[in-house]
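**Student:** The following comprises the amino acid sequence and a computationally predicted model.
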Amino acid sequence: MSANTISINRQMAHFDGRDSVWLFGYGSIIFKADFPFIERRPAHILGWVRRFWQGSHDHRGTAEAPGRVVTLVPQPDALCCGMAYLITPQVFAHLDHREKNGYLRLVTEIHFGPEEKAEGLIYIASEENAAFAGPASEEEIARQIARAAGPSGPNSEYLLLLAQALRELGSDDAHVFEIEKHLLQLEREAAAERHTAAG
Ligand code: SIN
């Protein structure tokens, strides 16, 4: 599948005729809501885990040095925390453009608590997309993130803002926090080297 998913996403008719739709964000959509929304609520989805397995050469990296951003990977019994936004369908055009590097819209159940749920959608980058980077150790992922930057800014900023947002949501995401730990260590080492070089 091509890395550009805009035309595929435009064909989704599932929410046609609706005035509003719930969007579940699990990555940058949690900490960067650059779109209008009617309401925002912490939420979770079931059966998915967040992983830094999607390559980014358009936002947080370049073609020569791609960064890594999150996607979702199926895992039975898993629970993924994030932020749900009630949006109008007019917002899809902006989101399709923003998430164009391999992310497809997928209909899913969004849970607001043990008793309350709604049908909504997520943007997910599956392993079939051309930008998929796949699994690597948390340390390797941190090294790649430390090197990468793109039009949306340093890849490290994406990781650190996501980790902070997840803490605020009370989500204990071991994968994200382990990568953050390695990244901060790499930044400390780089600062110490600069200090030594400066004499
Ligand atoms: C999301 O945030 O829900 C999708 C992935 C991203 O844009 O970081």
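**Tutor:** That came through fine.
**Student:** For Arg143, which three-state class applies?
**Tutor:** Assigned state for Arg143: helix (three-state reduction, DSSP: H, G, I helix; E, B strand; the rest coil).
**Student:** ok now do it, which residues does it touch?
**Tutor:** Applying C-beta atoms under 8 Å, 6 or more residues apart in numbering, we find Arg143 in contact with 182, 186. Placement of C-beta: from N, CA and C, glycine included.
**Student:** Mind picking out the helix or strand in this structure with the poorest mean pLDDT?
**Tutor:** When the helices and strands of the chain are compared on mean pLDDT, DSSP states H and E, helix 6-10 comes out lowest with a mean of 86.
**Student:** tell me, what residue is most central in this protein?
**Tutor:** Geometric centre of the chain, nearest residue: Gly27, 2.7 Å, by C-alpha atoms, centre = their mean.
**Student:** which stretches of this structure aren't confidently modelled?
**Tutor:** Counting by pLDDT under 70, the ranges of the chain that qualify are 1-3.
**Student:** could I have the helix ranked longest in the chain exported to CSV, CA atoms only?
**Tutor:** For the chain, the helix that runs over the most residues, judged by DSSP state H, is helix 174-197. C-alpha atoms of helix 174-197 as CSV (Å, rounded to 0.1, in the frame of the first residue of the first chain):
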residue,chain,number,x,y,z
ALA,A,174,5.7,0.7,29.7
HIS,A,175,6.8,0.8,26.0
VAL,A,176,6.6,4.7,25.8
PHE,A,177,8.1,5.3,29.2
GLU,A,178,11.0,2.9,28.5
ILE,A,179,11.8,4.7,25.2
GLU,A,180,11.6,8.0,27.1
LYS,A,181,14.1,6.8,29.7
HIS,A,182,16.6,5.8,27.0
LEU,A,183,16.1,9.1,25.1
LEU,A,184,16.7,11.2,28.3
GLN,A,185,19.9,9.1,29.0
LEU,A,186,21.1,9.7,25.4
GLU,A,187,20.4,13.5,25.8
ARG,A,188,22.4,13.5,29.1
GLU,A,189,25.3,11.7,27.4
ALA,A,190,25.3,14.2,24.4
ALA,A,191,25.2,17.2,26.8
ALA,A,192,28.1,15.8,28.8
GLU,A,193,30.1,15.3,25.6
ARG,A,194,29.4,18.8,24.5
HIS,A,195,30.5,20.1,27.9
THR,A,196,33.8,18.1,27.7
ALA,A,197,34.4,19.3,24.1
